[in-house]
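Participant: Sequence and predicted structure, then a few things I'm wondering about:
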Amino acid sequence: MAAGDLPDELAGLLPRVQRLARRRLWSGQSAPRLRGAHAELLRLVAAEPGIRVSTAAHSLCLAPNSVSTLVNHLVAEGLLRREKDSGDRRAALLYPTPAGVGRLSDWHARREVLFREHLAGLDVADRAALAAALPALHRLAASLRSQGDETA
């Protein structure tokens, strides 16, 4: 691959891998689908119970009103609980419900099985190349995030 092709190839491939993984995770699932952004928010809230909506929006690189919409859906499904912040009555604090923790645990388990299965189908060199690329992908994400913060 020519060096000039890398940005286009990477920008097209990463979302495609994510979409394909979500489709595989959804197939055969009896519960309503836990869509990507919903799963990301639920994962963040489970990791940081009591997080504010604005902080969650910043962490997920989403607009606060988009996160509010996701929160409304997850609250309606009984997966999140929203409470007023006693220090700032305008702010909402988010907590996972037991049902949310269960759905997230199921999502993680299914995702891990999916990726383990497909990674096992690759040869050793491909698995090593993917592992070696992870630090660079983390740095790329950090670079994109910092540029987004500067222009916000």
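Facilitator: That came through, no problem. What you see is a predicted model; the values in this text were computed from it and never measured.
Participant: Can you give the distance of the helix or strand hosting Leu74 from its chain's centre?
Facilitator: Here Leu74 sits within helix 64-76, counting by DSSP states H and E. Going by C-alpha atoms, centre = their mean, to the nearest Å, the spacing between the C-alpha centre of helix 64-76 and its chain's C-alpha centre is 14 Å.
Participant: any idea of the pLDDT on the residue nearest the centre of the chain?
Facilitator: In the chain, the C-alpha closest to the average C-alpha coordinate belongs to Glu40, at a distance of 3.1 Å (C-alpha atoms, centre = their mean). Residue-level confidence at Glu40 comes out at 90, pLDDT.
Participant: Over to the one 5 residues further on?
Facilitator: In this prediction, Val45 carries a pLDDT score of 97.
Participant: Please shift the residue numbers so they start at 725 in all later answers.
Facilitator: Yes, from this point I'll number from 725; that puts the last item at Val769.
Participant: Which residues are in contact with the spatially closest residue to it that is not a sequence neighbour?
Facilitator: Ranked by C-beta to C-beta, 6 or more residues apart in numbering and with sequence neighbours excluded, the top spatial neighbour of Val769 is Leu818, at 4.7 Å. (Glycine included, C-beta is placed from N, CA and C.) If a contact means C-beta atoms under 8 Å, 6 or more residues apart in numbering, then Leu818 has 769, 773-777, 780, 795, 804-806 as its contacts.
Participant: The helix or strand bottoming out on mean pLDDT in the chain packs against which elements?
Facilitator: For the chain, the helix or strand with the lowest mean confidence is helix 848-875, at a mean of 86 (criterion: mean pLDDT, DSSP states H and E). Using 3 or more C-beta pairs under 8 Å, 6 or more residues apart in numbering; DSSP states H and E as the contact criterion, helix 848-875 has no neighbours among helices and strands.
Participant: how about the nearest residue to Val799, chain neighbours excluded?
Facilitator: What sits nearest to Val799 in space, not counting adjacent residues and going by C-beta to C-beta, 6+ apart, is Arg806, at 5.6 Å.
Participant: Within the helices and strands, which one has that neighbour?
Facilitator: Element membership of Arg806, judged by DSSP H and E, is strand 804-809.
Participant: Residues in contact with that strand: which ones?
Facilitator: The contact list for strand 804-809 (C-beta under 8 Å, 6+ apart) reads 765-766, 769, 776, 795, 798-799, 815-821, 824.
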